[in-house]
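A.B. asks: need coordinates for the following:
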Amino acid sequence: MATQKQQGNKLEEGPTVGKRATAGGDGRTPAYALRPPHYALTDMTEKVNTSLVTQGWVGDKPCQVTVDTGAYVTEVRLDIAAGWPERQPNPDFSLQTVSGGSLPILNEVLLTLTLGRQPITMWVFVANITDELILGLDILRAYDASVDIGRQTLRLAEEEVSLWSPGVGPRPSSLLVAKDLVIPARSEGIVMARMENHLGVENGLVEQIPQAHPPEGIYVARTLVQDCQEVPVRVMNVTHKNQKLRRGSPLAHCEPVTLVALPEMRQPPAPGLTPKLADGTTAAKPHLSPEEFQELEDLVSEYADIFAQDNEDYGRTNKVYHRIDTGDARPIRQPLRVPLAKQAEGIYKLSLSWIIVQTRLRTNSFKCVHKVIIK
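C.D. replies: Sure thing, here's the model as predicted:
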């Protein structure tokens, strides 16, 4: 089984490091040897570490995650795996380094890793590795994740998590005015600003300088920008006089962004699916695998004519009959049922009618008696 190793931005074929392991005594199916990190653990000087890392959480503890597309499985260091449910690993599995050395598997633990806002619960191997946690191809494939080495981002679900080189973490930068510029009164404009240092990630958020006093009446808009030498900054002058921004003067503050939530990209419905049917299949998508969702779409599309197109399209049928067997029991006629909300109102009206009738009766009786006495 040939593997690939990364050199710069190119991928080229490397030596064969995977081999079939010998079956254990319990008769389980033989498994392929699994390749851990793409660098040699026996001699770190043989290869320059070109992996990318990001900040994650194992439970409620921060953890530096190494994203390694050359690793077939996910591995965790012994101290990070402490306290999580564990089990004995499959004896047929073995770990091998690029240099051909063997790496013993100490245990297997079930832990929850959070990248961005995405929690991942998984069984991972425990080994004596230098990194805290190595994210391998098994998790990347299971969660349909993708790594963009050029942009240094990890696409996971509807989020992009920033990656960076080990030892070069994200850091904020001040933005300085690139050249002299005058902002007219009661207006806004785009000012080119120069970064004092690189952010270490692809994106940054431009904000007002914290704990500083910008020119009176000058406000900076919050903007998402890419990490480069000069970035555009939207500035507004709310005063009644022109404001001059001098070259090299502090303008704004740029904070590195390590997580970007992507807008949901809705795929066009399959041919033959109405918008109502497409909404129904989309609602079931989170609970299905990609293959099951495709089968559902094909099934609904094939029999789309038997589904209601809207709330008025249910119709009637004489294909099905329904009969309730009551035996020899006679039909029971019940009085009209009054909803609970209307019962109090009905009692009130009945009481009021009874009072009116009684009053009229008493009044008429008094009149009759009165007339008799007068006569």
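A.B. asks: how about stretch 241-250: buried residues?
C.D. replies: Under the neighbour-count criterion of 16 or more other Cβ atoms under 10 Å, stretch 241-250 has 243, 245 buried. Bear in mind the C-beta positions are built from the backbone N, C-alpha and C, glycine included.
A.B. asks: wait, is Thr282 part of a helix?
C.D. replies: Yes: Thr282: assigned to a helix according to DSSP: H, G, I helix; E, B strand; the rest coil.
A.B. asks: and it, how many neighbours?
C.D. replies: Residues within reach of Thr282, counting by other Cβ atoms under 10 Å, total 15.
A.B. asks: can you check Ser51 too?
C.D. replies: 20.
A.B. asks: quick one: it and Thr281, what's the gap?
C.D. replies: Shown here: Ser51 relative to Thr281, a distance of 39 Å by Cβ to Cβ, to the nearest Å.
A.B. asks: could you point out which element follows the helix or strand bottoming out on mean pLDDT in the chain?
C.D. replies: Ranked by mean pLDDT, DSSP states H and E, the helix or strand of the chain with the weakest confidence is strand 10-16, at a mean of 34. Counting by DSSP states H and E, the next helix or strand C-terminal to strand 10-16 is strand 52-58.
A.B. asks: could I get the buried residue list for that following strand?
C.D. replies: Buried residues in strand 52-58, counting neighbours by 16+ other Cβ under 10 Å, are found at 52-56, 58.
A.B. asks: now the end-to-end length of stretch 143-156.
C.D. replies: End-to-end distance for stretch 143-156, by Cα to Cα, to the nearest Å: 7 Å.
A.B. asks: from Ala278, how far out is the closest residue to Ala304 other than its chain neighbours?
C.D. replies: Spatial nearest neighbour of Ala304, excluding adjacent residues (Cβ to Cβ, 6 or more residues apart in numbering): Gly272 at 4.9 Å. As for Gly272, its distance to Ala278 is 10 Å (criterion: Cβ to Cβ).
A.B. asks: looking at those two, which has the bigger crowd around it?
C.D. replies: Legend: neighbour count by other Cβ under 10 Å for Gly272 and Ala278, higher for Ala278 (18 against 14).
A.B. asks: what helix or strand is that one located in?
C.D. replies: helix 275-284.
A.B. asks: again, but for Ala308
C.D. replies: In this assignment (DSSP H and E), Ala308 forms part of neither any helix nor any strand.
A.B. asks: could you do His322 as well?
C.D. replies: With DSSP H and E as criterion, His322 is part of no helix or strand.
A.B. asks: hey, what's Ala193 bridged with?
C.D. replies: Val177, Val231 (DSSP bridges).
A.B. asks: give me the pLDDT for it.
C.D. replies: Listed pLDDT for Ala193 reads 94.
A.B. asks: ok, it - how many residues close by?
C.D. replies: 24.
A.B. asks: cool, the one 3 residues further on as well?
C.D. replies: Using other Cβ under 10 Å, the number of residues around Glu196 comes to 11.
A.B. asks: was I right about it contacting Ser174?
C.D. replies: Yes: contact status for Glu196 versus Ser174: in contact at 4.7 Å, counting by Cβ atoms under 8 Å.
A.B. asks: wait, the residue nearest to Ala304 touches Tyr303, no?
C.D. replies: No: contact status for Gly272 versus Tyr303: not in contact, 9.4 Å apart, counting by Cβ under 8 Å.
A.B. asks: need the strands for the stretch 251-375 of the chain, in chain order.
C.D. replies: Taking DSSP state E, counting those that start in this stretch as the test, the strands found in the stretch 251-375 of the chain are 259-261.
A.B. asks: mind listing the helices for it?
C.D. replies: With DSSP state H, counting those that start in this stretch, the ranges of helices along the stretch 251-375 of the chain come out as 275-284, 290-302, 340-374.
A.B. asks: partners of the nearest residue to Leu163 once chain neighbours are set aside in the sheet?
C.D. replies: Leaving aside its chain neighbours, Leu163 sits nearest to Leu52 (3.9 Å; criterion: Cβ to Cβ, 6+ apart). Beta-bridge partners for Leu52, by DSSP bridges, are Val67.
A.B. asks: where does the prediction get shaky in the stretch 51-200 of the chain?
C.D. replies: Counting by pLDDT under 70, the stretch 51-200 of the chain contains no low-confidence segment.
A.B. asks: do you know how far Gly200 is from Ser146?
C.D. replies: Distance, Gly200 to Ser146, using Cβ to Cβ: 21 Å.
A.B. asks: cool, Pro263 as well?
C.D. replies: Note on Pro263: its distance to Ser146, by Cβ to Cβ, is 17 Å.
A.B. asks: of these two, which one has the most company?
C.D. replies: The neighbour comparison of Pro263 against Ser146 (other Cβ under 10 Å) goes to Ser146, with 12 against 6.
A.B. asks: having no further points to raise, I will conclude here.
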